[in-house]
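Chemist: predicted model and sequence follow; I will ask about them next.
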Amino acid sequence: MTLAIPGVGGPSGPGPDRTDDAPRDIRGSVEPTDLAFRLAARGSGAAVLVIMLLVGVFLTYRAWQALSVAGFSFLTTAAWEPDSHHFGIAAVLTGTVLIGVVAIAFALPLAVGTALYISEYAPRRLKRTLVSLVDLMAAVPSVVYGLWGAFFLQAHVVGLSRWLATYFGWLPFFKVAGTDPDDPLATSTVYTSSTFIAGMVVALMVTPIACSVMREAFSQAPVGEREGAYALGATKWGMVRTVVLPFGLGGVIGGTMLGLGRALGETIAVYMIISPVFAIQPHILQNGANSVSALIALRYGSASTFGMSALMAAGLALFLMTLVVNFIASSIVARSRSGAGVEA
């Protein structure tokens, strides 16, 4: 004998108020504070998108005069003579990319090593201090890095540049034209104000950003998989290599690209170190380099009306390139937080 309770479905059949397969309505009323927060968050996100769109529209409007004159040659011309309508960003764009690549080549191992040490090896009482110190590096003004690079680092890197040119000069990027590396009396000024030195300085500026993203990704590695690796006899490094690094791979890639996005737009530190040249300079150890941001800083004060439009066009190209890099980096970081970087 079964007992049927009114209003409740049982073996004898559904109750009068609902059926067994009817979904329950668990939605509650929205509190005014939740609604206000939701509107504020959506408004903030929309404001950021609108501001970015307005920046792009402004740059396009101001650059249209120069772009209509230069056309496609704006991307292929190395010279910068806007008043004679002979200008382009081929040289400065190449220099921007080379400085960014050199910076990432130095920043990537530094950021990965620092992030792994803080998240996996540092004593608990030191982690907070190390995190604060790394984050503090991001707050140092770029002019300080530029002064340090120009007056200290540059003099101490000339020997490394000479060594690389002597033993690896057969590689196109390490070749230095117009000097004999075997001549001990050869001048060292050919190795100063180079892409190599500028990239090293920028590397220290982008390392904190990349390290923060990587550290966050490494710290989210599942505890169960960590303990499982130890249970199978893995060492500390074995656990890091098989669990932490695969899980944080997306964070490593995303942090690296976020750092690259900042390296592409760095201005003051690069401007204080390089010797501007308006020619495609693929030899990173050789004196002479340039970048889009340094070009704008160099010519902004003396530019004519048409020259200002040309500078705006260069800024538009840098804006679009940085935007693409940061968008790709943000997408990769977002995937890494869901554990998509874990190998099956």
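Modeler: Cool, got the structure.
Chemist: please make it C-alpha for all contacts and neighbour counts, starting now.
Modeler: Will do.
Chemist: for the longest helix along the chain, buried residues please.
Modeler: What stands out as the longest helix in the chain, according to DSSP state H, is helix 32-70. If you call a residue buried by 16 or more other CA atoms under 10 Å, then helix 32-70 has these buried ones: 59-60, 62-67, 70.
Chemist: again with stretch 258-270
Modeler: Under 16+ other CA under 10 Å, the buried positions of stretch 258-270 are 258-270.
Chemist: right, and Lys175 touches Tyr191 too?
Modeler: No. If you go by CA atoms under 8 Å, Lys175 and Tyr191 don't touch, sitting 10.9 Å apart.
Chemist: give me the common contacts of these two.
Modeler: 285-286 (CA atoms under 8 Å, 6 or more residues apart in numbering).
Chemist: out of the two, which sits in the busier spot?
Modeler: Tyr191 (26 against 20; other CA atoms under 10 Å).
Chemist: give the contact list for the more buried one.
Modeler: 158, 161-162, 285-287.
Chemist: let's see which of those end up in helices.
Modeler: Filtering the contacts of Tyr191 for helices - DSSP H - leaves 158, 161-162.
Chemist: got any ranges where the stretch 101-250 of the chain has weak pLDDT?
Modeler: Within the stretch 101-250 of the chain, the stretches with pLDDT under 70 are 181-186.
Chemist: again, 50 this time
Modeler: Applying pLDDT under 50 to the stretch 101-250 of the chain flags no residue at all.
Chemist: ranges for the helices of it?
Modeler: Here the stretch 101-250 of the chain has its helices, by DSSP state H, counting those that start in this stretch, at 124-139, 142-148, 154-168, 195-219, 223-231, 236-239, 245-247, 249-265.
Chemist: buried ones in the third one?
Modeler: To tie it back to what came earlier, the one meant is helix 154-168. In helix 154-168, counting by 16+ other CA under 10 Å, buried: 154, 157-158, 161-162, 164-166.
Chemist: dump the C-alpha coordinates for that helix into CSV.
Modeler: Output of helix 154-168 as CSV, limited to C-alpha atoms (Å, rounded to 0.1, in the frame of the first residue of the first chain):
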residue,chain,number,x,y,z
GLN,A,154,75.3,49.7,-23.4
ALA,A,155,78.9,49.9,-22.3
HIS,A,156,78.8,46.4,-20.8
VAL,A,157,77.1,44.8,-23.8
VAL,A,158,79.6,45.9,-26.4
GLY,A,159,81.8,42.9,-25.6
LEU,A,160,79.0,40.4,-26.0
SER,A,161,78.0,42.0,-29.3
ARG,A,162,81.6,41.8,-30.5
TRP,A,163,81.8,38.1,-29.5
LEU,A,164,78.5,37.3,-31.3
ALA,A,165,79.7,39.1,-34.4
THR,A,166,83.0,37.3,-34.3
TYR,A,167,81.8,33.7,-33.9
PHE,A,168,78.3,33.9,-35.3
